[in-house]
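> I would like the atomic coordinates for the input below:
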Amino acid sequence: MKTIIVYLLCMTGMVMASDMINEKTVNKTIEALKRAYPDEADRIETGVNQVAGRWWQEDGSAQDFTAFCMKHFITDKDTLTQTFQRFERNLEIVYGHNHEINRDLSMPVELEMDYLLPVDYLFAEYDPFAHIQSDMFVTKIAFVALLNFPMYNLKEKLTLGDDWTRGQWAKARLAEKFASRVPSAIVQDLSRTYVQVDDYIANYNIYMHQLVNDKDERLFPEGLKLITHWGLRDELKAQYANSEGLERQRMIQAVMQDIITQDIPKKMIDNQKYQWNPLRDKLYQNGESIEYEPEPNTRYKNLLSIFQAEQKTDPYYPEFPTKIKRRFNKNREILEEQFVKLVTSVLTDPVAPKVAQLISKRLDRDLEPFDIWYNGFKPQSSINQAKLDSIVGERYPTVRAFQNDIAVILQRLGFDDRTSRFLARKINVDPARGAGHATGAMRSEDNAHLRTRVPEDGMTYKGFNIAIHELGHNVEQVFSLNRVDHYMLNGVPNTAFTEAFAFVFQSRDRLVLGQECADLSAQHLKALDTFWSTCEIAAVGLVDVRVWHWLYDHPEASPEELKAAVIEIAQDVWNEYYAPLIGKDNSILLAIYSHMIAFGLYLPDYSIGHIIMYQIEEFLQDKNLGQEMERMCRIGRLTPNAWMREAVGEPISAEPLLQATRKAVQKVE
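As a prediction, the model looks like this:
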């Protein structure tokens, strides 16, 4: 019997059929094992087929294959349990220490550490994980797991998983660790590409004081350096609290559009020697207008480089032959069709035009494209943005000050003293070169790391808001590694879930500062704010997905062709979902997100994360955040809906958010 796996591997062109274990050898091995262990027929057939599908010529002859299976098939239950436990212990050692090496070698590139040397980039591009998977096969360790523990496809996990024990889930996660066998050289090339593109994004800053309007006026304070897209977007959002902010918002929108179209002067990127009027596309030096060279489609060259690196891995994932399939079916364990249905149910709900009309009324003007980032539904504190900046800057003048306050922050969020101190010990805070991010540990003895930007004159409120978001990631990462019962179940179902916890933390930033709004309408405002944010990021996620489909349909595309396609896709999504709400056609703003360039189809996680966050928030009402978050994180990495049913009692659904928004739009003026 030829296995499906063997057939698929051959069909992809990954290996020639002559290099694989043939049907005769597979059948011979299965029959020999069945004669020796007649009560293990199902396990034998599954295990031998799993090994055969990944056994290459260099692993040994047909006789070697049979001998290996005869020697390493485990029938004793105690030995099988002990073998699984040894895998968990040893994989934690291997993955954990290599993760630490990777993180530490990347520190000069990712953190504000003195100066950068050319060799720092080479060390950052080195991936200690590149050879691990290959070595696991060469040493036959992977084959022991595949022979003795079954893998399940997504459909099987969704239909069978509800009846599995924790141990069965953990063993399924172990086997799927070895589902693919990608050559180490390709893994290393993929890692190198992501590091290079991430560095491009991390150093893409705009000095806002160097922007001028038609009157040669500078609208932004000196020293304000904003990274795209995060800093630009957050500054745009902050201007809603400024009575004179509209002109600044229009200027930021013009900057974003020039980044997308690559009309931005190359000399304005991370450079403060020139002045620029983005509304007129004019560059000045010492007050004199000068000719300039636009950025030469670097943004799209980088996206293409990631696509091409991912494409090289496609043949080694027979069940997930594209990055799109890997992201949805393998990483998220949510089908693409389900994602599209989920987010379009939000974008097309009849409440959306009512929310847009409410925003227009509150702004007392017609909506403009950048109003997709309207944040005026957030309950307002009694103090303004400048005062918030002052409070945050005084409290957190340095990264170390934020580090020292983590336990206090967590206590204010509802974590008990003992848990807060435990979490504070397990989280290190580092000064980020880029926008900041959170990275978890992969070994229980190691710590999670929070990377954040703190200017010389202290942390700003916007920076604090982002740092609290990242702290939510870190707390999830510590709980789901250190408090879970099986190492193979560490983590959460997918990135959207850790984003959900980060959003839960972020929404409580003013509570931490002692500035929480006591307005009775706060819950209605939160529903409206979450809905509008979800709409925005849902549309952005749809752009990301459509761009990757276009890339697979046009694998030989040039950067110029890709740029044109991204702009057209962004306009199409805008015209389909936002033009009816905003009243303006053909905006390209949905293409500004840096994630689309550097993070390989990451953006859909955000919209799913918003929806999950609201379900969790609804569940947390009148409950303790600290206790419930720890309970939820201990569930570990089940499939998304299985996790949600155990965490909050229902599968992923946008309906709670939509119901709350329908109610809120009638209550808020």
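> Name whatever forms a beta bridge with His449.
Taking DSSP bridges as the rule, His449 bridges to Asn428, Thr439.
> isn't it right up against Ala432?
No - with contacts counted by CB atoms under 8 Å, His449 stays clear of Ala432, the gap being 9.9 Å. (Glycine included, C-beta is placed from N, CA and C.)
> Give the ranges of residues in the stretch 251-400 of the chain that sit below the confidence cut-off.
Applying pLDDT under 70 to the stretch 251-400 of the chain flags residues 379-383.
> change it to 80
For the stretch 251-400 of the chain, the stretches with pLDDT under 80 are 378-385.
> hey, where'd the strands end up in it?
If DSSP state E, counting those that start in this stretch is used as the criterion, the strands of the stretch 251-400 of the chain fall at 275-277, 282-285, 288-290.
> Hmm, Leu410 is touching Arg418, no?
No - between Leu410 and Arg418 there is no contact under CB under 8 Å: 10.9 Å.
> For stretch 526-541, could you pull out the residues that count as buried?
Across stretch 526-541, burial judged by 16 or more other CB atoms under 10 Å covers 526-541.
> cool, stretch 403-413 as well?
403, 405-407, 409-413.
> With respect to Glu646, which of those is nearest?
Distance to Glu646, by CB to CB, is smallest for Leu413 among those, at 22.6 Å.
> Can you find the helix or strand of the chain with the lowest average pLDDT?
Taking mean pLDDT, DSSP states H and E as the measure, helix 4-12 is the helix or strand of the chain with the lowest mean score, a mean of 38.
> Who are the packing partners of the helix or strand following that helix?
Note on helix 4-12: by DSSP states H and E, the next helix or strand toward the C-terminus is helix 23-36. For helix 23-36, the elements it packs on are helix 41-52, helix 62-72, judged by 3 or more CB pairs under 8 Å, 6 or more residues apart in numbering; DSSP states H and E.
> quick one: buried residues of helix 23-36?
25-26, 29-30, 33.
> avg pLDDT for the top helix by length along the chain?
Identified as the longest helix of the chain according to DSSP state H is helix 522-553. Per-region confidence: helix 522-553 scores 95 on mean pLDDT.
> quick thing: my sequence starts at 47, can you match it?
New numbering, starting at 47: the last item is helix 568-599.
> Which SSE is immediately downstream of it?
Sequence-wise, the next helix or strand downstream of helix 568-599 (DSSP H and E) is helix 605-619.
> roughly how far is the next helix or strand after that following helix from the heart of the chain?
Sequence-wise, the next helix or strand downstream of helix 605-619 (DSSP H and E) is helix 625-628. In terms of CA atoms, centre = their mean, to the nearest Å, the centre of helix 625-628 is found 28 Å from the chain centre.
> Dump the C-alpha coordinates for helix 625-628 into CSV.
Output in CSV follows, covering the C-alpha atoms of helix 625-628 (Å, rounded to 0.1, in the frame of the first residue of the first chain):
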residue,chain,number,x,y,z
ALA,A,625,-16.0,53.7,0.9
PRO,A,626,-19.7,53.1,1.9
LEU,A,627,-18.8,54.2,5.5
ILE,A,628,-16.3,57.0,4.9
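> Now do the buried residues in that helix.
Neighbour-count burial for helix 625-628, counted by 16+ other CB under 10 Å, picks out 625, 627-628.
> want to try TSV for those residues, with pLDDT as columns?
Listed next are those as TSV, based on pLDDT from 0 to 100:
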residue	pLDDT
Ala625	97
Leu627	96
Ile628	96
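> Now those in CSV, please, with extra columns for distance to Glu356.
Listed next are the buried residues of helix 625-628 as CSV, based on distance: CB to CB, whole Å:
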residue, distance to Glu356
Ala625, 32
Leu627, 34
Ile628, 34
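> which one among those residues gets closest to Glu502?
Nearest member of those to Glu502, counting by CB to CB, is Ile628, at 38.6 Å.
> Below-threshold pLDDT in this protein: ranges please.
For the chain, the ranges with pLDDT under 80 are 47-66, 160, 424-431, 480-482, 562-567, 715.
> neighbouring contacts of stretch 344-352?
239-240, 242-243, 246, 305-306, 308, 593, 597, 603, 605-606, 608-609, 612, 642-644, 646 (CB atoms under 8 Å, 6 or more residues apart in numbering).
> per the record, what domains does this protein have?
The chain resolves into domains spanning 50-245, 252-342, 346-423+566-713, 431-558 when parsed by automatic domain parsing.
> List the contacts of the nearest residue to Pro650 once chain neighbours are set aside.
Using CB to CB, 6 or more residues apart in numbering and skipping the chain neighbours, the partner closest in space to Pro650 is Gly587 (4.0 Å). Shown in contact with Gly587 (CB under 8 Å, 6+ apart): 385, 389, 649-653.
> Okay, Ala487 and Ala494: tell me how far apart.
5 Å (CB to CB, to the nearest Å).
> Identify the contacts common to these two.
Joint contacts of Ala487 and Ala494 (CB under 8 Å, 6+ apart) are 472, 523-524.
> Go through these and name the one nearest Phe543.
Nearest to Phe543 out of the shared contacts of Ala487 and Ala494 is Gln523 (CB to CB; 11.3 Å).
> The closest residue to that closest one other than its chain neighbours and Leu496: what is the separation?
Excluding its sequence neighbours, the residue lying closest to Gln523 (CB to CB, 6+ apart) is Gly486, at 3.1 Å. Counting by CB to CB, the separation of Gly486 from Leu496 is 10 Å.
> cool, Arg467 as well?
Distance of Arg467 to Leu496, given as CB to CB: 16 Å.
> Could you check which of the two is surrounded by more residues?
Leu496 (27 against 15; other CB atoms under 10 Å).
> list the contacts for Leu204?
By CB under 8 Å, 6+ apart, the contact set of Leu204 is 685, 687.
> Give me the three-state assignment for it.
helix (DSSP: H, G, I helix; E, B strand; the rest coil).
> show me where the stretch 147-296 of the chain has strands.
Assigned strands in the stretch 147-296 of the chain, in chain order: 251-253, 271-273 (criterion: DSSP E, counting those that start in this stretch).
> Also the stretch 597-715 of the chain?
Applying DSSP E, counting those that start in this stretch to the stretch 597-715 of the chain gives no strands.
> what about Ala644, neighbour count?
Using other CB under 10 Å, Ala644 is surrounded by 23 other residues.
> Quick check: the gap between it and Ala478.
Using CB to CB, Ala644 is found at 15 Å from Ala478.
> Check Gln179 too.
29 Å.
> OK, contacts around the closest residue to Asn540 other than its chain neighbours?
Spatial nearest neighbour of Asn540, excluding adjacent residues (CB to CB, 6+ apart): Arg378 at 4.3 Å. Neighbour list for Arg378: 385, 539-542, 650-651, 654, 686 [criterion: CB under 8 Å, 6+ apart].
> Go through the residues you listed and name the one nearest Pro174.
Thr541 (22.1 Å).
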